[in-house]
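Asker: I'll drop the sequence and a predicted model, then ask my questions.
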Amino acid sequence: MQYDVEIDGRTRQVLVVRTDTGLTVTVDGRAWQVDAARVDAHTLSLLIAEPAAEGDEGSAREASHEVTIAPDLASSQLAVRVGTLPILVSVNGSRRWGRRHDGSVGGSGPQRLTAPMPGKVVRVLVKPGDAVRLRQPLVVVEAMKMENEIRAGRDGTVGEVHAREGASVEAGTLLVVIQ
Amino acid sequence: MKKILIANRGEIAVRIVRACREMGLRAVAVYSECDRAALHVRYADEAYAIGPSAPRESYLRIDRLIDAARRAGADAIHPGYGFLAENEDFAAACRDAGLTFIGPTPEAIALMGSKTAARAAAVRAGVPVVPGTEAPLAPDVADEAIARVADGVGYPLLVKAVAGGGGKGMRTVTDPADLLGAVRAARSEAGTAFGDPSVFLERRLTRPRHIEVQLLGDHHGVVVPFVERECSIQRRHQKVVEETPSLAVDSALRARITSAAAAVARSVGYTNAGTIEFLLDEDGRFYFLEMNTRLQVEHPVTEMVTGLDLVAWQIRIARDEGLDVDPARMLAPNGHALECRIYAEDPDNNFLPSPGRILQLRAPGGPGIRDDSGATAGLEVPIFYDPMISKLIAWAEDRPRAIARMRRALDEYVVAGIRTTVPFFTWLFEQREFLDGRFHTTYLDEILAARNGRPFVEPTAGDETIAAIAAAVQSVVSPSSAPPPAGIESSPRRWKMQARLEGLR
């Protein structure tokens, strides 16, 4: 099975082949011997080894990694936790994995920024046509007794602004679209 | 006392249920609509609905809490922290209903709840306060008079609300030209947040530490202070990491600051658990800041180094028991303890709240680790309340070992479905200033501002490869592909047979 796995803007070609002893996973041409055990719906235990070269007698070191995989609603990608760190991953352009509740698609298309929680829009900081940079604040929503900045998830241009100052918003209300 | 109603939710409600169980008392939970399946409800002996999810309609409804206590036949109420814990009307309503309020008297709550009255009490007890105005600014005071008072206090200064806390109704003024605007803004914010627009002026120390002293007072005149807590690691005036003892406090200073705390408490006849907060200036001088008339979020670190159960003692004091602990031992910490407040927030997105369903959760354990949590897998983190999901506490024989243990525990903490502040703590515990104990109350805000939103922990190329492998193989690893234990086929018959064999051993 061949997958396109995108992390932090870079796509890796990942090939998964079943073998007698487990899985051989090739990432960008480099092969790894993987033993994967599923613990529960969100947890995998992986033992990852570089396969021994041909004719090599010794067996490779097996590194143990516990990984949790869960949908990330804010980005419509998968949050794959390695160590303490959630890494955002899109598989095959998110078409299969990153589906949002509202059916829209994240990844490389327009980025739809929604309110992560119910609250009140206190400031709108951009207008259509504005160029925005990664992490630039776009809208300020007051919720949980705090003012929360909704920031751009990537560089781009503001396409649509749906947020209105003073308006109440529900979780998932579309605020801004970045092209 | 046989049955206690817990007028709270989340981790602190769970903490109090645990104390009740250990003491052979029945625990009664209350819950709002969204908390029906919360852990504190599941752990309690009885549970009663008290209204919709908004706090104003449930956890802040004195009438409904008293009704629930009557219905359950409870004889006491523990308020926890937050919500109604420092509300003198609630304490009085409990007393009027014949219920024991597990906390100080309504009179003590009212007196120490006013920052200006509490400052006056500290001065009467001979304890220094930060230079400032003795009384709130009168609402009709002329602008020139405010400016004269401010000159007397000195710049930089703080305009502070008399009521409330949490950084609301508070403004820093460095330039006298900004004074009147700051007073107006603080008054309006305090009026909205606390229903009381009164403000006063206080000198702003430039790089103070926040040092606080936990104490207990019984109904027989005994007041015992505990070894200090260091709470200078704050984000926007909210504590993030607490520890005890403080690296900035030696035994001579500890003796002085804890005696000062006890003197203030004795002077107002304080009973039950309370905490006196001080600012410790760079020159070693300390100043009374305010008193919290309740159990603190960070009480576990004190429990870890003294071996005392503070919640159990709150209940025992409320039952009129004498406080028969050795005061000298309470000032001689055994080892070192730290606490991290783990929030459902995305540290890499400006600490934006991250409510949602927790899909997977495994708390760390092992030597010296304590996890006080109200969260479980399957629960939603509600949007209505403080988004703290857990307090992770680490104890060890000294500070470096306690930090090493905390880092190990943070690595073990698994939470999927929501973002948490765990990666932020992983980063904080690598900062030289933190490790050396060189920090003050604005240290964290300063370094966060300097980072300008850079991610706290950046994945290595190796981490990204592992994530790519995991994302790709997860579809081919079905639940049934987990290998059965060696030599056993996973048919039900074989499992039963194996179980029988095990039973014969």
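Answerer: Yep, that arrived.
Asker: how does chain A divide into domains?
Answerer: Chain A breaks down into these domains under automatic domain parsing: A:2-94, A:111-178.
Asker: Could you dump those domains into a markdown table with mean pLDDT and distance to chain B added?
Answerer: (C-beta placed from N, C-alpha, C; glycine too.) Rendered in a markdown table, the data for the domains of chain A read as follows (pLDDT from 0 to 100; distance: least, Cβ to the nearest Cβ, whole Å):
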| stretch | mean pLDDT | distance to chain B |
| --- | --- | --- |
| domain A:2-94 | 86 | 4 |
| domain A:111-178 | 84 | 5 |
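Asker: Format these as TSV; extra columns: mean neighbour count.
Answerer: Converted to TSV, these look like this (neighbours: other Cβ atoms under 10 Å in any protein chain shown):
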stretch	mean neighbour count
domain A:2-94	17
domain A:111-178	17
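Asker: residues in contact with stretch B:184-197?
Answerer: Stretch B:184-197 is contacted from outside by B:139, B:159-164, B:168-171, B:198-199, using Cβ atoms under 8 Å, 6 or more residues apart in numbering or on different chains.
Asker: try it again with 7 Å
Answerer: Here stretch B:184-197 makes contact (Cβ atoms under 7 Å, 6 or more residues apart in numbering or on different chains) with B:159, B:161, B:162, B:163, B:164, B:168, B:169, B:170, B:171, B:199.
Asker: Quick one: residues contacting the fourth one.
Answerer: Going by Cβ under 7 Å, 6+ apart, residue B:163 touches B:190, B:194, B:196.
Asker: where does it fall, phi/psi-wise?
Answerer: Dihedral pair for residue B:163: phi -100, psi 170, per degrees, to the nearest 10.
Asker: What about the nearest residue to residue A:85 once chain neighbours are set aside, how many residues nearby?
Answerer: If you skip the residues right next to it in sequence, residue A:85 has residue B:457 as its closest partner in space, 5.0 Å away by Cβ to Cβ, 6 or more residues apart in numbering or on different chains. Using other Cβ atoms under 10 Å in any protein chain shown, residue B:457 has 18 other residues around it.
Asker: Residue B:175 too?
Answerer: A count of nearby residues for residue B:175, using other Cβ under 10 Å, gives 9.
Asker: Show me which of the contacts of stretch B:184-197 is closest to residue B:390.
Answerer: Set against residue B:390, the nearest of the contacts of stretch B:184-197 by Cβ to Cβ is residue B:168 (24.9 Å).
Asker: What sits closest to the residue positioned nearest the centre of chain B if chain neighbours are left out?
Answerer: With distances taken as Cα atoms, centre = their mean, the residue of chain B nearest its centroid is residue B:297 (2.3 Å). Residue nearest to residue B:297 in three dimensions, not counting chain neighbours: residue B:81, with 5.9 Å by Cβ to Cβ, 6+ apart.
Asker: ends of stretch A:137-152, how far apart?
Answerer: One end of stretch A:137-152 to the other measures 6 Å (Cα to Cα, to the nearest Å).
Asker: Any chance you could list what contacts stretch B:118-137?
Answerer: B:111-112, B:116, B:146, B:149, B:153-154, B:162, B:198-203, B:205, B:260, B:263-264, B:267-268, B:279, B:287-291.
Asker: which of the residues you listed count as buried?
Answerer: Among those, the ones that count as buried by 16 or more other Cβ atoms under 10 Å in any protein chain shown are B:111-112, B:116, B:146, B:149, B:153, B:162, B:198-203, B:205, B:260, B:263-264, B:268, B:279, B:287-291.
Asker: Of the contacts of residue B:163 - the most surrounded one?
Answerer: Across the contacts of residue B:163, neighbour numbers were computed from other Cβ under 10 Å; residue B:190 holds the maximum, 23 neighbours.
Asker: my guess is that one is in a helix, correct?
Answerer: Yes. When the secondary structure is assigned by DSSP: H, G, I helix; E, B strand; the rest coil, residue B:190 falls within a helix.
Asker: May I have the secondary structure class of the residue nearest to residue A:50 when sequence neighbours are not counted?
Answerer: With Cβ to Cβ, 6+ apart as the criterion, residue A:50 has its nearest non-adjacent residue at 4.9 Å, and that residue is residue A:60. Reduced to three states with three-state DSSP, the structure at residue A:60 is coil.
Asker: got the contact list for the residue nearest to residue B:382 when sequence neighbours are not counted?
Answerer: If the residues on either side of it in the chain are set aside, residue B:382 comes closest to residue B:34, at 4.6 Å by Cβ to Cβ, 6+ apart. With contacts defined as Cβ under 7 Å, 6+ apart, residue B:34 is in contact with B:53, B:380, B:382, B:384.
Asker: Narrow those to those that are buried.
Answerer: Among those, the ones that count as buried by 16+ other Cβ under 10 Å are B:53, B:380, B:382, B:384.
Asker: Poorly predicted segments of the stretch 101-250 of chain B, please.
Answerer: For the stretch 101-250 of chain B, the stretches flagged by pLDDT under 70 are B:165-166.
Asker: quick one: secondary structure of the residue nearest to residue A:85?
Answerer: Local secondary structure at residue B:457 is given as coil here, using three-state DSSP.
Asker: Hmm, it is touching residue A:82, no?
Answerer: No. Judged on Cβ atoms under 7 Å, residue B:457 makes no contact with residue A:82 at a distance of 10.5 Å.
Asker: Assumed residue A:16 was part of a helix.
Answerer: No. If the criterion is three-state DSSP, then residue A:16 is strand and not within a helix.
Asker: Give me the nearest residue to it, chain neighbours excluded.
Answerer: Leaving aside its chain neighbours, residue A:16 sits nearest to residue A:1 (4.8 Å; criterion: Cβ to Cβ, 6+ apart).
Asker: Check the burial of that neighbour by counting its neighbours.
Answerer: A total of 13 residues lie near residue A:1 under the criterion other Cβ under 10 Å.
Asker: For it, give me the pLDDT.
Answerer: Looking at residue A:1, its pLDDT stands at 85.
Asker: Over to residue B:77?
Answerer: Note for residue B:77: predicted pLDDT of 98.
Asker: what's across from it in the sheet?
Answerer: Beta-bridge pairing of residue B:77 under DSSP bridges involves residue B:5, residue B:101.
Asker: quick one: contacts for it?
Answerer: Residue B:77 is in contact with B:5, B:7, B:69, B:94, B:99, B:101, B:102, counting by Cβ under 7 Å, 6+ apart.
Asker: how close does it sit to chain A?
Answerer: Computed as Cβ to the nearest Cβ, to the nearest Å, the residue B:77 to chain A distance reads 25 Å.
Asker: The closest residue to residue B:161 other than its chain neighbours: neighbour count?
Answerer: In space, not counting the residues next to it along the chain, residue B:161 is nearest to residue B:169; the distance is 3.0 Å by Cβ to Cβ, 6+ apart. As a burial measure, the neighbour count of residue B:169 was computed by other Cβ under 10 Å and equals 26.
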